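# here is a sequence together with a model predicted from it:
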Amino acid sequence: MKPLLIVDGYNVIGAWGEPERKHWSMDESRDRLQHLLEDYSGYTGEEVVLVFDGWQSDRRTTTEETHGNVTVVFTHRGETADSYIERLAAQTPKYRLLRVATSDGLEQSQVLSTGAVRVTSRELLRELHEERAQGLDRHRQETGMQRNPLQGRLSEDQLQILESMRRGGMKH
């Protein structure tokens, strides 16, 4: 079973300096966080649930959209992201590795009581950026993205023949 990461979306956006520096709208901030988490999940294989508060919205129901390994949740009017996260953490089997990303002290205490590992919003943001950089490096290595893209696909003998031809060693 894949490890599960539950993210308090607005809490993480609030700890992230980039949206404010770059004057992103809330929609753009949510989208960018979602895309960062999609990349992260792709690199780590971790399942992610990204939860946004809807308690002061006009939403009549909680909505869930799945994008790869990331499920984006908007809670319904009257329900906080905290209560949704606490309920989901309590329903997660004890044998499944569960991490919850939030900087809300009370919520951290609640989820720790379920056996989850807490991650602060800033720790998560640092982890997202580090994993992306490392994941890009791994991808380049795994796909043989060297200077010559054929290099990772040809046998050593074939590479030697081509190198000899390149240097003018073989005349036809």
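That came through, no problem.
# next one: residue 155 from residue 91, what distance?
Relative to residue 91, residue 155 is positioned 52 Å away (CB to CB, to the nearest Å). Yep, even glycine has a C-beta here, placed from its N, CA and C like the rest.
# ok, the residue nearest the centre of the chain - contacts?
Nearest to the mean C-alpha position of the chain, counting by CA atoms, centre = their mean, stands residue 37 at 2.3 Å. Taking CB atoms under 8 Å, 6 or more residues apart in numbering, we find residue 37 in contact with 7, 48, 50, 70, 128.
# in helices, which of these fall?
The helices, defined by DSSP state H, take in residue 128 from the contacts of residue 37.
# could you identify which of the contacts of residue 37 has the most neighbours?
Counting neighbours by other CB atoms under 10 Å, residue 7 leads these with 29 neighbours.
# quick one, what contacts that residue?
So residue 7 contacts 33, 37, 48-51, 100-102, 124 (CB under 8 Å, 6+ apart).
# let's see 10 Å
33-34, 37, 40, 48-52, 70, 72-73, 81, 85, 99-102, 119, 121, 124, 128 (CB atoms under 10 Å, 6 or more residues apart in numbering).
# one step back: so which of the contacts of residue 37 is the closest to residue 110?
Each of these was scored against residue 110 by CB to CB, and residue 7 proved nearest at 15.5 Å.
# separation between the closest one and residue 112?
Taken as CB to CB, the span from residue 7 to residue 112 is 16 Å.
# which residue ranges form the helices in this structure?
9-15, 18-21, 26-44, 81-91, 105-112, 121-142, 156-166.
# for the shortest one, buried residues please.
The reference is to helix 18-21. residue 19 (16 or more other CB atoms under 10 Å).
# which residues does residue 5 bridge with?
The partner list for residue 5 in beta bridges (DSSP bridges) reads residue 48, residue 99.
# over to residue 117?
With DSSP bridges as the rule, residue 117 is bridged to residue 99.
# wouldn't it be in contact with residue 102 here?
No - here residue 117 does not reach residue 102: they are 11.8 Å apart, not a contact under CB atoms under 10 Å.
# now the common contact residues for the two.
Between them, residue 117 and residue 102 share the contacting residues residue 111, judged by CB under 10 Å, 6+ apart.
# my read: residue 123 touches residue 103, true?
Yes - using CB under 10 Å as the test, residue 123 is close enough to residue 103 to be in contact (9.1 Å).
# got any residues that touch both of the two?
Contacts common to residue 123 and residue 103, judged by CB under 10 Å, 6+ apart, are residue 15.
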